[in-house]
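# fold the following, please.
(chains A, B and C)
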Amino acid sequence: MQRTPFILRNPSVLIVIAVLAVFTAAVTAASAAYGTGVMPTSMVKVLGKTLCLALAAVAMDLVWGYLGILSLGQMAFFALGGYMIGQWLMYARTEGIVAASMAANPIPPTPAELQEGVAGQIFGVVGSTDLPWAWTFAHSLPAQLALVLIVPGLLALVFGWLAFRSRVNGVYLSILTQAMTLALALWLFQNDSGFRGNNGLSGLQNIPGLEDVGQARLSVWFLWASALALALGYVLAAWLMGGKFGSVTRAIRDDETRVRFLGYPVEGFKLAVFTIAAMITAIAGALYYPQAGIINPAELAPIASIYLAVWVAIGGRGRLYGAVIGAVVVSLLSSWFTGGRAPDLNIAGLRMAWVDWWQVALGLTFVLVTLFAPKGIAGLFDILNRKAKS
Amino acid sequence: MSMMTRKLLLGAALAAVTTAANAQDGEPIKIGVLHSLSGTMAISETTLKDTVLMMVEQQNEKGGVLGRPLEAVVVDPASDWPLFAEKARELLTVSEVDVIFGGWTSVSRKSVLPVIEELNGLMFYPVQYEGEESSKNVIYTGAAPNQQAIPAVDYMRDELGVEKWALLGTDYVYPRTTNNILDAYLKDNGTAEEDIFVNYTPFGHSDWSKIVADVVALGADGKKVGVVSTINGDANVGFYKELAAAGVSADDIPVMAFSVGEEELSGLDTANLVGHLAAWNYFQTAESPENEEFVATWKEFIGDDARVTNDPMEATMIGFNAWVAAVEEAGTTDVDPVLDAIVGVTVPNLTGGTAEVLPNHHLTKPVLIGEIREDGQFDIVSQTDPVPGDAWTDFLPESAVLDADWPGKQCGMYNTQTETCVQVQSNY
Amino acid sequence: MTALARIAPFALALLMPLAALANPALDAVIADNLDQIERPSRQTVAPLIADIAATGPEGLAMLQAWSARELALTEDGRAVITSGEVPVDAVTGDPVTDDFSSLRPNSGVRGVIDGALVVSQLSDPDPAIRRGALDTLARRADAAQLAALRGALDDPDPAIAARKARLERLLTIQLGEDSANRVQAIRQLSGDVALDFRAALNPLLATRIVATKDEPGGNVARELRPGSDDLSRQDAIAMLVDQGVLQPRLTSAEQRTRLAANIVDGRVGGLPVAALDDPDARDRAYEALEAEGAVPPAATEAETEAALDAHGFFAVYAEPDAAVTEAAETALTRTQTRLGVMRGFDLGLDALSLASIYFLAAIGLAVTFGVMRVINMAHGEFIMMGAYTGYVVQTLIADRTLSLLVALPLAFAVTFAAGVVLYRLVIRHLAHRPLETLLATFGVSIALQQLAKNIFGTQARPLTSPAWLEGAITFNDVVSISSIRVAIFVLALLFLGLFLFIMKRTRLGLEVRAVTQNPGMAASMGINPDRIAMMTFGLGSGIAGIAGVAIGLFAQVTSELGQQYIVQSFMTVVVGGVGNIWGTLAGATLIGGLSKVIESLNPANTLAAQTFMILFIIIFIQFRPRGIIPQKGRAAEV
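Okay, here's the model as predicted:
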């Protein structure tokens, strides 16, 4: 049997990467730092963040579209990635400030004094001066980068192992994933857990060591990084799902029992996809929050994860580019409609502000898409394809 | 009555603003309004957005500022904290506003701080907060802890004879820090550790039976119990209902609230809450001609006679007027000259005194204690002279040595012992 | 009202024209203390109040008016009583026509005034006033008031007489002059769990810790060992430092300051300054400085140890009478045991109440999930719709009992209709696609939530229970539960009964059970599964509406009301097991009970309790993936 090359089997990969490259180049050309400056820095940041969300949506599609698990806790991994990188960003930035301030002392500070000073600065806001255990590696960038993958990966592994082992599935599993993210959010919310409670980690857009670069350039750098991460994540997902591994995954989605009877270790497959998706999501989060500037427990509220599912559904699940389209379209539209810049509607003399009605419109759109276009926006491509062929 | 008609009126008001603006010469001065209009905080922040719009309208009727009309740019950060940073950047760089009025929660302020310091913007923050912060680019027009929490506790101890304290709060930074300060303050004043009970509940908590029972049980050692409540927003409704159901009268266990004002009380039946307390820098019942006018203007502007005024609205009003005065004095809307001019500016407040903008970017404010009346308003039972706001509290050892006077030092976190600047940007 | 009745005779008497100045003493007191009267402070007002009280009935009338906030001052400093139909001068009783401003004494001052009035009120003909006086005494009393109480023990009202007797015993414990009498009072009440008894005992048992080399004076409770639970070593050292018998240990900050003060040519104690970023180096430098005599020597561990050994630490009662403290200890121990049981019981009531709320909120969800295998994410919004229905009805019907009676069925009707519409328009088109249903109903949920915001605004809306549901059912000072919670419990029971009746005794119930167990077979028996599904969906939604009214009565009515209960409701259904009302009941009981137990273990942090609760549920489901009462039969395989 002749094996066709991966790329030929997945022409969409090429298209997505090409579109992504053109998009990145265009934004760069329009940015204030490297181009004409038509596009303000805040817009570059919005687009950069959107790419991260698209990557999270790709991972969501792996879990839901291909594996058939409607995980309502994906944002837990996203936010954990953000928290892990945020710890280093905060610690390193504060360390610089504290060291500079202590340099004024006649006696040089001991490492313990320096750490105490940093802890006082970071946690003074929430009424504590000790560095919590969770910040043990916060001074080290490589360690925290590793934790970006390790912590969410481990959480997914343990949670998935427990859940899949006891054959929790369907709606039950959805609720359980939702409970997981809620528990994590509540835990982070407490001041005592050492992540600054509701205030979360802030000032993340100021990258230590790059203070002189300026947000205009930094925002473009992060856009590049996000685009690269999305491209790599997309290729990885497409490659995984294009091969035999992907076939088994889809078979599990369609009939789990039958795959088990065929002798496949169903739990192993599920666990692998779930964990890989969690790690991809975590990377997206780690790139997202330095652009957003602040992370706090509200980010992993159950509703955030449901929105992620909504994007994938609107874009079209079961195909990766659908997830990307859904995330990009819906999150940008949301941003535009709540930005106060969309013109008000005049219906029968009633002035309707989009700020008030956007959520209603989104909710109803969503019902309509589920009812009438179960394949989402990506389903349109099928129709176009069919027309082209006929 | 309904939101719809209010929207209509608002639209009409906006249209009026625009026409007034056209009548004057010069480019309009843009004013950013960064208050959540959707999400959990919309409940409180929408009112402040309307207050700013009202002030803008009034100022335009007076001929604007520097001969130029004012134009409000309203955005909706939707109670989403990262969105506050995004929208602040947008306001400063895309809409190019000269000043921002906004924020309510501490976390929204912390989200905006890095952006506003990076771009050298100017923000007026109108809500009582936990202190421990001073930014060059923020004027804090709400109360610092020494302008609300400490005098309120003094009042409870001296006037009500409270010896045992229940510090109940929603679990976020304002209650946490305020309670830390109060804890240190009470212990300094001889309260034993076991006489302070602390509890934190989540936002929107509704099951209060156990906590109210715990508070009542504190009375078992014969000391008079008082509750200091930093419970936020909606959760108060359930708390007060449970308190009333348990038959806790204000004479037995007085509750002093820092986050319950006229607006929050309009959500519940106050018949059983009569006599419980709140500490603010303003109550709608304050007796002064300025206040009468303000209340009347507000009711007319919003088109609803039942609407109440509250403390953050007064703070917004003071901040707005102080900014106008500073701009007039500086002759420009550029941030640095305005910041230089604004220190020392005095504007009348609504309680019959004046508010002065201090070098540490806080205000002088009188502390008012009010007892809840049956009609949901407050009887003012105590009013102090204006107290200068203190950014760094004197009751936590690490903060006591810090000073936040900006002019000359260009530093909001100045260690008076080592005489060095701890950091130039604020600690976010 | 009562104040008016009391003051009217005085006012009438004083209206007689013969006296222009009915009470010159009172007039003088008022004139001398205008400032105090205008802005009284609890700490300093007592002598003034005594002076006013001493001026006779007019003085007492003025105090009563003052306490009731019915006193005002004119511009020229005359006191005006405003309780009657016409404001009258407090001194002369003449009607006042001048402008006056009302006085607002704070509750602390009012307490002092009430205290001064108590003695004269103990035998007042009005029982309400006598009760009020006893309330005042219960808050704070002195020996003179105790004596007055003893003189007024007889009372025509047996309930008040009993209260007086009890209060006399309690005050005797605190204020009694002879030891035997106090001990007897303590023994009489021993084992009582009431708050006022414990409040009387505990101050007697308050101790302070003294450190001394000699025998301690006073009524010693016990000796303490430093390093034990009662007295940490650190605290013991701090006490000795405070007494000046021990040098404080050197803190690292002090060490740094002293080192910095001794920098000579960039070196301290022979070490270069740059090397001092290491604690050991600092110690060495400090020792070198000590040797030079440049810095005072720091206290050593041995000195601390010796000082600790040389001193005894004792807890000493503030109450000097040993017989009383002993009796109090014994009484309190008995009380504590009973108290523990009572607390457990109270916790049980709280748990039951929470469970019934969860049950009400989840029952509708369980019904729809059981029959149709779909999760309705908009269920929370149906709860919210019910609550808003209650609010709207209350704005239209002023009588609260009537409005509640209208609101309950109306809320059911509104949400039943909403449920049916949702079913017809959305859910039936998504049959056998549970995950899509979940998401589609989520869309409905966010739309409904925003719609509610647009209609009702973001501010919480009041939904107030009728007067007969206010207050609490109190067994004693420990065990009590608010009436509204009891009502919700009853409501939950009612719905459990109703639900069982519908399921077991009606045609609809039979058909629902048939469809639940095997839709295909049911359809072939002539049952229309679509109609049954629609009816159950409506029923489940309707119950959510009722739950909304109930929740709104004790909590807040906002557009986010549903959000707060939806996750808990899911948990309840999942933990309990689907398709079975008893499962939902078990789930609600388990979650409610466990929440309260965890909360009581960590009273300071309710949030932590919730976190642990959810963690427990996650783990629980690992072991019982189908819930406490799993569904049996063919439906379970679907």
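# what's the longest helix in chain C?
As assigned by DSSP state H, the longest helix anywhere in chain C is helix C:322-372.
# now the element after that one, going C-ward?
Where DSSP states H and E defines the elements, the next helix or strand beyond helix C:322-372 is helix C:379-396.
# anything in that following helix near chain B?
No: with C-beta under 8 Å from any C-beta of the partner chain as the measure, helix C:379-396 is seen stopping short of chain B, the closest distance being 10.1 Å. (Glycine included, C-beta is placed from N, CA and C.)
# list the residues that contact C:Ile581.
Going by C-beta atoms under 8 Å, 6 or more residues apart in numbering or on different chains, C:Ile581 touches C:363, C:366, C:496, C:499-500, C:503.
# name the residues of the stretch 151-300 of chain A found near chain B, please.
Within the stretch 151-300 of chain A, the positions near chain B by C-beta under 8 Å from any C-beta are A:186, A:189-191, A:196-200, A:202-203, A:205-206, A:215, A:289, A:292-296, A:298-299.
# find the closest residue to chain A in the stretch 251-400 of chain B.
B:Glu398 (5.9 Å; C-beta to the nearest C-beta).
# contacting residues around the helix or strand in which that residue is found?
Taking DSSP H and E as the criterion, B:Glu398 maps to helix B:397-400. Under the criterion C-beta under 8 Å, 6+ apart, residues A:120, A:124, A:129, B:131-132, B:392-394 lie in contact with helix B:397-400.
# show me what counts as buried in it.
Residues of helix B:397-400 classed as buried by neighbour count (16 or more other C-beta atoms under 10 Å in any protein chain shown): B:Ser399.
# let me see the mean pLDDT of it.
Mean pLDDT, helix B:397-400: 81.
# off-centre distance for it?
Relative to its chain's centre, helix B:397-400 lies at 23 Å (C-alpha atoms, centre = their mean, to the nearest Å).
# tell me the residues of the stretch 301-450 of chain C that contact chain B?
Checking the stretch 301-450 of chain C against chain B by C-beta under 8 Å from any C-beta, the hits are C:346-347, C:350, C:353-354, C:357, C:450.
# among the contacts of helix B:397-400, name the buried ones.
Among the contacts of helix B:397-400, the ones that count as buried by 16+ other C-beta under 10 Å are A:120, A:124, B:131-132, B:392-394.
# got the contact list for A:Leu157?
Contacts here follow C-beta under 8 Å, 6+ apart; on that basis A:Leu157 touches A:271, A:275.
# spell out which parts of the stretch 251-400 of chain C neighbour chain A.
By the rule C-beta under 8 Å from any C-beta, the part of the stretch 251-400 of chain C lying against chain A is C:252, C:256, C:259-260, C:263, C:268, C:273-274, C:276-279, C:282, C:369, C:373-375, C:377.
# show me what contacts residue 316?
Went with chain A since none was named. The contact partners of A:Gly316, by C-beta under 8 Å, 6+ apart, come to A:322-323, A:325-326, A:375-379.
# wait, chain C
Residues in contact with C:Val316, defined by C-beta under 8 Å, 6+ apart, are C:207-210, C:216-221.
# ok, back up a step: which among the residues of the stretch 301-450 of chain C next to chain B gets closest to chain B?
Closest to chain B, out of all of these and judged by C-beta to the nearest C-beta, is C:Asp350, at 4.9 Å.
# which strands or helices does the helix or strand harbouring C:Ile37 pack on?
Per DSSP H and E, C:Ile37 falls inside helix C:34-38. For helix C:34-38, the contact count by 3 or more C-beta pairs under 8 Å, 6 or more residues apart in numbering or on different chains; DSSP states H and E identifies strand C:71-74 as packing neighbours.
# can you check what angle separates the longest helix of chain C from helix C:379-396?
Interaxial angle of helix C:322-372 relative to helix C:379-396 (axes from the mean of the first three to the mean of the last three C-alpha atoms, to 10 degrees): 110 degrees.
# please compute how far helix C:322-372 lies from its chain's middle.
Centroid displacement of helix C:322-372 relative to its chain, using C-alpha atoms, centre = their mean, is 14 Å.
# now stretch B:420-428
Counting by C-alpha atoms, centre = their mean, stretch B:420-428 is centred 23 Å from the centre of its parent chain.
# before we move on, what about stretch A:207-221?
On C-alpha atoms, centre = their mean, the centre of stretch A:207-221 falls 21 Å from the chain's centre.
# just stretch C:521-538 next, same as before
Counting by C-alpha atoms, centre = their mean, stretch C:521-538 comes out at 48 Å from the chain centroid.
# pLDDT, neighbour count and distance to A:Pro152 for the residues of the stretch 301-450 of chain C next to chain B - can I get that in CSV?
Formatted as CSV, those follow (pLDDT from 0 to 100; neighbours: other C-beta atoms under 10 Å in any protein chain shown; distance: C-beta to C-beta, whole Å):
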residue, pLDDT, neighbour count, distance to A:Pro152
C:Asp346, 89, 22, 42
C:Leu347, 90, 19, 38
C:Asp350, 90, 22, 37
C:Ser353, 91, 24, 38
C:Leu354, 91, 25, 33
C:Ile357, 91, 26, 35
C:Gln450, 87, 20, 32
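# and those residues, which is closest to C:Arg225?
Minimum distance to C:Arg225 across those is 34.5 Å, recorded for C:Leu347 (C-beta to C-beta).
# list the contacts for that closest one?
Listed by C-beta under 8 Å, 6+ apart, the contact set of C:Leu347 reads B:210, C:596-597, C:600.
# neighbours of the residue nearest to B:Tyr155 when sequence neighbours are not counted, how many?
Excluding the flanking residues, the one nearest B:Tyr155 by C-beta to C-beta, 6 or more residues apart in numbering or on different chains is B:Ile369, at 5.2 Å. B:Ile369: 26 surrounding residues under other C-beta atoms under 10 Å in any protein chain shown.
# now the one 10 residues further on
Applying other C-beta under 10 Å, we find 18 other residues in the vicinity of B:Asp379.
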